[in-house]
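Asker: Output the structure for:
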Amino acid sequence: MGREKAVVGLSGGVDSAVAAYLLQRQGFEVLGVTMCVLGEENKDVEERMVSDARAVAKALGIRHETVDFTERFRKRVADYFVEEYLRGRTPNPCLMCNRHVKWEAVLGYAKSVGAEWMATGHYARIERRENGRYAVRNSVTAEKDQTYVLSRLTQEQLARTLMPVGGYTKEQVRALAKEAGIPVAGKKDSQEICFIPDHDYAAFIARRRPEAVRGEGNFVTPDGRVLGRHKGLIHYTIGQRKGLGIALGERMFVERILPETNEVVLVPDDAVYCDSLLCGDVSFMGIEPMREGEVRRLTGKIRYAHRGAPVTVTMLENGCLEAKFEQPVRAVTPGQAAVFYDGEYLACGGIIV
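Answerer: Residues are numbered from 1 along each chain as shown. Prediction:
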């Protein structure tokens, strides 16, 4: 009987490279695949990524292929990102990419080559709980934990996924890469959204939807008092303080973005806090789908870098999840994901509305 096959999504970074190396050590037949999604606009970025991935595959002695998912990525991730910003929301495109593009691409390739598994370099662990459901579990290193961006994955996707680096720290992963002679052992982690490498979100949106981008409007207080002029809604996000381009004599923060009136609402820092939120498009992972009126006590995160806080969640009749935090949380942002944990396991999540 042959070895089990695992397809690793090679991004050209050290984490996915070490995931492939660890699976080799465990006895898997490993194949590498790189997902091409960025198109002509970022062709140079993608070429470097593919080149690094090929170098990793060569060093490990594994087969490497590329798959073109440019069109699917444009529709499910880039267009989604643009439309959310135009609605005054702040999306997290990585969540949508993971579920609708990355896993689709790599699992599809795995099926085509007869592989039982796909694997990634995410800092998380996958376990099957006593209730029979698969869930991502926090990685062993809190500073690199990536469970938040995996909250949209389905039971079917999790059942066929391996995350070998979830039991290691970043320092250990780099040491393993050096041990294996992997050429990207010292490569820096990417900090930007992959399809906007220059960080200029507003310019990206303006190129994609020039007819929908509105120009200057007013900064206002919650009661409508005009504070000054802003340069366009797509330049701002909730909780933002820096880069407002207005001097008011005190620290002010974006509380709301109002596309219908082309206004940005500013408030002092203490007014950016609230203790409840609603989220829609709810997905359940480590717990069974909740019934209408059902209440659970969990730990909630409202953004990737949020440390998490005690919360009570209630399933409403409209399919939304209401979350009430024990202590107010800062800058609840429509469009971001609210992710809820049962201990170390991701229980459920949704998009803040």
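Asker: Now stretch 34-51: buried residues?
Answerer: For stretch 34-51, the buried set under the neighbour-count rule, 16 or more other C-beta atoms under 10 Å, comprises 34-38, 42, 46, 49-50. C-betas here are computed from N, CA, C, even on glycine.
Asker: how about these, which pair is most distant?
Answerer: Farthest apart among the buried residues of stretch 34-51 by C-beta to C-beta are 34 and 42. That separation is 14.3 Å.
Asker: Now, the buried residues of stretch 34-51 that are in strands?
Answerer: Members of the buried residues of stretch 34-51 lying in strands (criterion: DSSP state E): 34-36.
Asker: Would you mind listing where the chain has pLDDT under the threshold?
Answerer: Counting by pLDDT under 70, the chain contains low-confidence residues at 1-2, 142.
Asker: Helices along that one, start to end?
Answerer: For the chain, the helices defined by DSSP state H occupy 14-25, 43-60, 70-73, 79-86, 93-97, 103-112, 155-159, 170-179, 201-208.
Asker: can you redo those helices as JSON lines with distance to residue 332?
Answerer: Shown next, in JSON lines, are the helices of the chain (distance: least, C-beta to C-beta, whole Å):
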{"stretch": "helix 14-25", "distance to residue 332": "30"}
{"stretch": "helix 43-60", "distance to residue 332": "33"}
{"stretch": "helix 70-73", "distance to residue 332": "28"}
{"stretch": "helix 79-86", "distance to residue 332": "16"}
{"stretch": "helix 93-97", "distance to residue 332": "17"}
{"stretch": "helix 103-112", "distance to residue 332": "28"}
{"stretch": "helix 155-159", "distance to residue 332": "28"}
{"stretch": "helix 170-179", "distance to residue 332": "30"}
{"stretch": "helix 201-208", "distance to residue 332": "20"}
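Asker: closest to residue 279 out of those helices?
Answerer: Distance to residue 279, taken as C-beta to C-beta, is lowest for helix 93-97 among the helices of the chain, at 12.4 Å.
Asker: got the contact list for that closest one?
Answerer: Helix 93-97 is contacted from outside by 37, 73, 76-78, 80-81, 149, 151-152, 193, 195, 337, using C-beta atoms under 8 Å, 6 or more residues apart in numbering.
Asker: got CSV for the residues you listed, with distance to residue 65 too?
Answerer: Output for these, formatted as CSV (distance: C-beta to C-beta, whole Å):
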residue, distance to residue 65
37, 15
73, 17
76, 22
77, 21
78, 23
80, 27
81, 27
149, 25
151, 28
152, 25
193, 25
195, 22
337, 31
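Asker: measure residue 141 to residue 130 for me?
Answerer: Residue 141 sits 25 Å away from residue 130, going by C-beta to C-beta, to the nearest Å.
Asker: what about those two, which has more around it?
Answerer: Between residue 141 and residue 130, residue 141 has the larger neighbour count (other C-beta atoms under 10 Å), namely 17 against 5.
Asker: measure the more buried one to residue 345 for me?
Answerer: Counting by C-beta to C-beta, the gap from residue 141 to residue 345 is 17 Å.
Asker: ok, now residue 3?
Answerer: 30 Å.
Asker: between these two, which one's more packed in?
Answerer: Counted by other C-beta under 10 Å, residue 3 and residue 345 do not tie: residue 345 has more neighbours, with 20 against 10.
Asker: Residues contacting the longest strand anywhere in the chain, please?
Answerer: The longest strand of the chain (DSSP E) is strand 273-284. By C-beta under 8 Å, 6+ apart, the residues outside strand 273-284 that reach it are 151-152, 154, 290, 302, 316, 319-332, 337-338, 347-353.
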